[in-house]
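Peer 1: sequence-free structure coming up:
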């Protein structure tokens, strides 16, 4: 086994835990991203609004992929997120 194989084996439980936490708290994380984006946009006086919006969208897409990765692999297809 190489170094990367050892690292992957040791980090697998942490990766699963992050996915579970992202799934549980997806709504709160998304709200936090929106709040931070609004604050940064306010501080920059709208100068970087396009980049902020783009970055926020990409972060939310990544969050969705992490939060619902296991749902794709489960039999019966993905499950919708729980309403808060």
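Peer 2: That came through fine. No experiment lies behind these values; they were computed from the predicted model shown. Residues are numbered from 1 along each chain as shown.
Peer 1: Tell me which stretches of this structure form helices.
Peer 2: Along the chain, the segments classed as helices by DSSP state H run 3-24, 26-43, 49-67, 69-73.
Peer 1: Mind putting those helices into JSON lines with mean neighbour count and mean pLDDT?
Peer 2: Any C-beta I mention is one placed from the backbone N, CA and C, and that applies to glycine too. What follows is the helices of the chain, written out as JSON lines (neighbours: other C-beta atoms under 10 Å; pLDDT from 0 to 100):
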{"stretch": "helix 3-24", "mean neighbour count": "12", "mean pLDDT": "86"}
{"stretch": "helix 26-43", "mean neighbour count": "13", "mean pLDDT": "92"}
{"stretch": "helix 49-67", "mean neighbour count": "14", "mean pLDDT": "91"}
{"stretch": "helix 69-73", "mean neighbour count": "12", "mean pLDDT": "61"}
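Peer 1: who's in contact with the most centrally placed residue in the chain?
Peer 2: With distances taken as C-alpha atoms, centre = their mean, the chain has residue 63 as the residue nearest its mean C-alpha position (1.7 Å). Contact partners of residue 63, counting by C-beta atoms under 8 Å, 6 or more residues apart in numbering, are 22, 26, 29, 30, 33.
Peer 1: Disregarding flanking residues, what is the spatial nearest neighbour of the first one?
Peer 2: Read that as residue 22. Excluding its sequence neighbours, the residue lying closest to residue 22 (C-beta to C-beta, 6 or more residues apart in numbering) is residue 67, at 4.1 Å.
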